[in-house]
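Trainee: Model the following, please.
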Amino acid sequence: MARPDLEVAGIFRGHGAAWRDANRGHVSVQQLKAMGAIESCRTAALGGHVARCENAACGYTTIAYNSCRNRHCPKCQGATAREWMEARAAELLPVPYFHIVFTLPAAIGDIAYQNKAVIYNLLLKVSAETMTTIAADPRHLGAKIAITSVLHTWGSAMTHHPHVHMIVPGGGIALDGSGWVAKRPNFLLPVMVLSRLFRRLMIERLTAAHTDGLLSFYGARAHLADAGMFADYLAPLRKTRWLVYAKRPFAGPKSVLAYLSRYTHRVAISNRRLVSADDRSVTFKVKDYRIEGAGRYKTMTLPAHEFIRRFLLHVLPKGFHRIRHYGLLASGVKAANLSRMRELLDVTPPPVQPPEEPSAAEVGDVLPTPCRCCGGRMHIIERFEAGSQPRHHASPSRISIRIDTS
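Mentor: Next comes the predicted model:
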């Protein structure tokens with residue numbers, strides 16, 4: 001079982017300085033920022049507050065340090081994911097939902113690392129175009145569909161493995177807008193047809209990006225800057241199958257939400273997958289998807305510097321949106337299309353929730369969680385700035401008890 005204090009942040013604090021020195025000049029600004037944020041998360045370096053129980057007979061006092069809120073931090077995704085999920089819950093429809101995965105071949109993944117913004121953007125856009133094009137074809141579905149896409153760039157061992165997870169309702173609005181079109185309950189679109197179109201469109205867009213000077217190549221890939229060399233590099237990929245995978249539909253909207261909550265705001269590795277770490281190495285849990293059953297769950301041990309390198313492979317470019325909506329859910333037409341889909345499916349729109357008055361906790365003087373000892377309200381009695389220490393001291397660790405104040 002993993003130790004509760006074993007975290008990516010601790011590994012970065014213990015080995016980060018030496019890793020940065022060893023890789024000076026080969027680390028991006030965004031990677032350095034992510035490292036610094038994760039190392040500082042929930043420490044005095046970011047400041048924080050002191051809260052005390054309002055029950056004078058208890059007086060339990062606790063110190064909480066501020067979170068970094070960096071999107072690559074394993075500790076800072078929970079609240080963001082919950083807020084995102086609450087917003088999506090009202091958009092779900094009473095139809096089967098399919099999970100589709102589009103994966104870049106390894107050869108494209110190799111050049112994607114040196115061209116993250118361009119190729120990740122192409123992967124998201126082309127996979128969505130593939131779905132909407134085949135869905136609109138009357139030979140397959142003949143409808144306009146809704147897509148939510150999430151980019152992941154890692155495999156279980158944190159190697160570079162760019163792929164897109166899609167959640168797609170099992171049907172869509174007829175091309176003339178007259179009705180809802182659905183096919184067999186356990187079938188949406190043929191994956192072989194999707195694979196061929198995905199391959200063709202992606203190679204076309206990569207070639208165009210190269211012609212427009214949007215791609216950069218360094219080191220062992222520097223020769224690909226030549227148009228002829230790049231064409232030769234892509235040529236074998238025209239004959240291979242590109243992986244598009246369709247999973248069986250979810251059991252219902254609640255299952256969709258549960259699934260999305262695991263995928264939307266995930267980072268390269270969570271703290272709960274860490275098993276052990278020492279001065280030289282890190283051991284963590286991995287899953288071998290080639291094996292069925294309990295045998296697929298294994299552990300992997302990497303040198304600490306290699307662990308850090310793999311984690312930082314997945315830092316996204318500044319401002320890059322890894323969660324996107326396409327088709328009927330695209331920005332600008334989403335509200336109207338959701339209304340039309342509900343109408344066609346005879347679904348009552350969710351009630352409009354009036355704005356809530358901010359609670360004392362939201363105003364900032366009371367914590368949302370009660371005292372761990374007596375259940376009383378916890379009032380913030382001090383806020384301290386980044387890099388400083390609080391004047392008050394936390395209560396010593398003790399068994400939680402409930403104090404009777406009657």
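Trainee: Tell me which stretches of the stretch 251-400 of the chain form helices.
Mentor: 253-263, 304-312, 334-344, 360-363 (DSSP state H, counting those that start in this stretch).
Trainee: what's the closest of those to Arg377?
Mentor: Of all those, it is helix 360-363 that lies closest to Arg377, at 8.0 Å by Cβ to Cβ. For the C-beta atoms, the positions are set from N, CA and C on the backbone; glycine is no exception.
Trainee: Who are the contact partners of Val168?
Mentor: Shown in contact with Val168 (Cβ atoms under 8 Å, 6 or more residues apart in numbering): Tyr97, Phe98, Ile100, Met131, Ile145, Ala146, Ile147, Thr148, Leu188.
Trainee: Please read off the pLDDT at the third one from the model.
Mentor: Looking back up the chat, that one is Ile100. With respect to pLDDT, Ile100 scores 94.
Trainee: circling back: so which of the helices of the stretch 251-400 of the chain is the most packed in?
Mentor: helix 304-312 (a mean of 20; mean count of other Cβ atoms under 10 Å).
Trainee: For Gly59, which of the helices of the stretch 251-400 of the chain is the nearest?
Mentor: helix 360-363 (19.4 Å).
Trainee: pLDDT averaged over the closest one, what's the number?
Mentor: The average pLDDT for helix 360-363 rounds to 46.
Trainee: closest to Gly319 among the contacts of Val168?
Mentor: Using Cβ to Cβ, the contacts of Val168 come closest to Gly319 at Thr148, 19.9 Å.
Trainee: Which helix or strand contains that closest one?
Mentor: Using DSSP states H and E, Thr148 sits in strand 146-154.
Trainee: Run the angle between that strand and helix 304-312 for me.
Mentor: With axes from the mean of the first three to the mean of the last three Cα atoms, to 10 degrees defining the directions, strand 146-154 sits at 160 degrees from helix 304-312.
Trainee: Strand 146-154: partners in the sheet, and parallel or antiparallel?
Mentor: Within its sheet, strand 146-154 is paired with strand 160-169 (antiparallel), strand 323-327 (antiparallel), according to DSSP bridges.
Trainee: Find out how far the longest one is from the centre of the chain, if you would.
Mentor: Computed by Cα atoms, centre = their mean, to the nearest Å, the separation of strand 160-169 from the middle of its chain amounts to 11 Å.
Trainee: what angle do that strand and helix 334-344 make?
Mentor: Using the same axes, to 10 degrees, strand 160-169 lies at 40 degrees relative to helix 334-344.
Trainee: low pLDDT regions in the stretch 51-200 of the chain?
Mentor: By pLDDT under 70, the stretch 51-200 of the chain contains no weakly predicted segment.
Trainee: Just to check, Ala182 is in contact with Gly170?
Mentor: Yes. Look at Ala182 against Gly170 with Cβ atoms under 8 Å: they come within range, at 5.9 Å.
Trainee: between those two, who's got more neighbours?
Mentor: Gly170 (20 against 16; other Cβ atoms under 10 Å).
Trainee: Which parts of the chain are strands?
Mentor: Per DSSP state E, the chain has strands spanning 48-53, 61-65, 97-103, 143-144, 146-154, 160-169, 172-174, 180-181, 244-247, 274-277, 281-287, 297-303, 323-327, 378-384. These are given in chain order.
Trainee: For Ser40, which of those is the nearest?
Mentor: strand 61-65 (9.0 Å).
Trainee: With only the CA atoms kept, save the closest one in PDB.
Mentor: C-alpha atoms of strand 61-65 as PDB (Å, rounded to 0.1, in the frame of the first residue of the first chain):
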ATOM      1  CA  THR A  61      -6.900  25.000  15.500                       C
ATOM      2  CA  THR A  62      -5.600  24.000  12.000                       C
ATOM      3  CA  ILE A  63      -3.300  25.500   9.400                       C
ATOM      4  CA  ALA A  64      -4.000  25.100   5.700                       C
ATOM      5  CA  TYR A  65      -1.700  26.200   3.000                       C
END
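Trainee: Is Lys285 bridged to anything, and to what?
Mentor: Thr299.
Trainee: coming back round to it: quick check: neighbours shared by Ala182 and Gly170?
Mentor: The contact sets of Ala182 and Gly170 overlap at Val95 (Cβ under 8 Å, 6+ apart).
Trainee: centroid residue for this structure?
Mentor: Centroid-nearest residue in the chain, with Cα atoms, centre = their mean: His265, separated by 3.1 Å.
Trainee: Quick check: that one touching Lys75?
Mentor: No. Between His265 and Lys75 no contact is recorded; they are 11.8 Å apart, counting by Cβ under 8 Å.
Trainee: residue contacts, Ala227?
Mentor: Neighbour list for Ala227: His210, Thr211 [criterion: Cβ under 8 Å, 6+ apart].
Trainee: what's the distance between His110 and His152?
Mentor: His isn't right for residue 110; it's Asp. To His152, Asp110 is 17 Å away according to Cβ to Cβ, to the nearest Å.
Trainee: what about the stretch 251-400 of the chain, any weak spots by pLDDT?
Mentor: 352-364, 397-400.
Trainee: try it again with 80
Mentor: Applying pLDDT under 80 to the stretch 251-400 of the chain flags residues 251-254, 257-263, 290, 350-364, 397-400.
Trainee: dump the residue contacts of Ile108.
Mentor: For Ile108, the contacting residues are Ile119, Pro162, Met202, Leu206, Leu237, by Cβ under 8 Å, 6+ apart.
Trainee: swap the cut-off to 10 Å and go again
Mentor: Going by Cβ atoms under 10 Å, 6 or more residues apart in numbering, Ile108 touches Asn115, Ile119, Leu122, Leu123, Pro162, Met202, Ile203, Leu206, Tyr233, Leu234, Leu237, Trp242.
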